[in-house]
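> Below is the sequence, then the predicted model.
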Amino acid sequence: MASSILTDKIFKMKKFVLNKKLEENSMENKKRIVTGDRPTGRLHIGHYFGSLKKRVELQNSGEYEQYILIADVQALTDNFNNPEKVRKNVRELAIDYLSCGIDPEKTTIYIQSMIPEVAELTVYYSNLVTIARLQRNPTVKTEIAQKRDLFGESVTYGFLGYPVSQAADITALQGELIPVGEDQLPLIEQCREIVRKFNSIYGEVLKEPKEVLSKEKRIKGLDGNEKMGKSLGNAIYLSDSDEEISKKVMSALTDPSRIKKDDKGNPDVCMVSYYHKLFTNEADQKTVCDECRAGARGCVACKKQLIKNICDELKPIKEKRAYYETHPEIVENILQEGTKKAQESAKEVMKKVKEAMMLNYFDKN
């Protein structure tokens, strides 16, 4: 009897080890995605349509190993004087991810500053990039121009060098596919340059990442601005109440030439019509546009329908958010476990980097 129980236990243990090995082999064959956001505020529908929905889709496809970093170090490059803001938004960002369908069983969520290997790699990579090259980076030039009020005439070393830190983020996790918008392409090219320079000097250690362009264009703001932004006051946040959504939609920009309810309108210049394309099915979209052009539907009726559609779409997201807000210990555990996994991966990369750079002084092997 005892022998039978022992045999059964051994069989189960062998089966567990075999399944574990099969799982590890499966993960090794998957392309690794590395992406993330800066914890500087709540996420809005621009993030939702621009990246979050795609991340959930990639995660659920089973074809990729996905890592999402909460880039608190990068957030400090222009929020160094407000660390409380960054710290608070780390948790808020994690809740936004989980509320939108990011599954910690399939996607690793981790905190950037908790990966010391990234900081170390940043130092090594800084020797491979000139200041002139960083200053020529189109994305950096644009962002520096936007930060004149913060930096004045002289930008900080940390902000100028954040593309180097971003390269460290990607390579520390051996990221192969990096989902980005077109405005971020210069940063990925800078990362590839660093990888090529490193490999040419120290040997083929690092993987050269490839960008995955988002099909979704940047979502416009309620005021018609080409960008929906936290600092622009023109965003609908994923955590907004129904009342807040209603108030914002009712103030959205419509056709300025349409004065009376039965005036013929132009949906092409109306932000309400623009958002209907995101939240309304195709048949109803056509009805909205046709009735607007014919003057058969007033702006208020059009806005009320949009408000309902937005609230319906965001309802399950807000319900999940409410759950995680009342269970902070779950969010804490997810971040700890995800960060631990990312740390282990980064340590493996750093070991190879130090060996290649002859910095493994006490490695007897």
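Structure's in. What do you need? Computed from a predicted structure; not experimentally measured. Numbering: from 1, shown residues only.
> so where do the strands sit in the stretch 1-150 of the chain?
All strands of the stretch 1-150 of the chain, identified by DSSP state E, counting those that start in this stretch, fall at 31-37, 64-70, 107-111.
> Provide the partner residues of Ile33 in its beta bridges.
Gln66, Leu177 (DSSP bridges).
> Out of the strands of the stretch 1-150 of the chain, the one nearest Asn225 is which?
Proximity to Asn225 (CB to CB) singles out strand 31-37 among the strands of the stretch 1-150 of the chain, at 20.0 Å. Yep, even glycine has a C-beta here, placed from its N, CA and C like the rest.
> Now do the closest one, average pLDDT.
Averaged across strand 31-37, pLDDT comes to 94.
> now for it, which elements pack on it?
strand 64-70, helix 162-172, strand 177-180 (3 or more CB pairs under 8 Å, 6 or more residues apart in numbering; DSSP states H and E).
> 6 Å - rerun?
Packing partners of strand 31-37 (3 or more CB pairs under 6 Å, 6 or more residues apart in numbering; DSSP states H and E): strand 64-70, strand 177-180.
> Tell me which of the ones you listed lies nearest to Gly229.
strand 177-180 (17.4 Å).
> Which residues outside the closest one are in contact with it?
31, 33, 35, 188, 209-212 (CB atoms under 6 Å, 6 or more residues apart in numbering).
> Pick out the most distant pair among the residues you listed.
Lys31 and Ile188 (15.2 Å).
> Could you point out the longest helix of this structure?
In the chain, taking DSSP state H as the definition, the longest helix is helix 328-356.
> got the angle between that one and strand 64-70?
110 degrees (axes from the mean of the first three to the mean of the last three CA atoms, to 10 degrees).
> Where does pLDDT dip in the stretch 201-350 of the chain?
Applying pLDDT under 70 to the stretch 201-350 of the chain flags residues 215-217.
> For it, which segments count as strands?
In the stretch 201-350 of the chain, the strands defined using DSSP E, counting those that start in this stretch lie at 210-213.
> follow-up on the earlier one: so the longest helix of the chain versus helix 162-172, what angle?
90 degrees.
> Which among the strands of the stretch 1-150 of the chain is found nearest to Gln285?
strand 31-37 (29.4 Å).
> buried residues in the closest one?
32-37 (16 or more other CB atoms under 10 Å).
> Quick check: of the residues you listed, which lies closest to Asp242?
Asp37 (25.1 Å).
> Domain ranges for the chain, per the record?
2-221+329-356, 240-324 (automatic domain parsing).
> Serialize those domains to TSV and add fields for distance to Lys227.
Below are the domains of the chain laid out as TSV (distance: least, CB to CB, whole Å):
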stretch	distance to Lys227
domain 2-221+329-356	6
domain 240-324	13
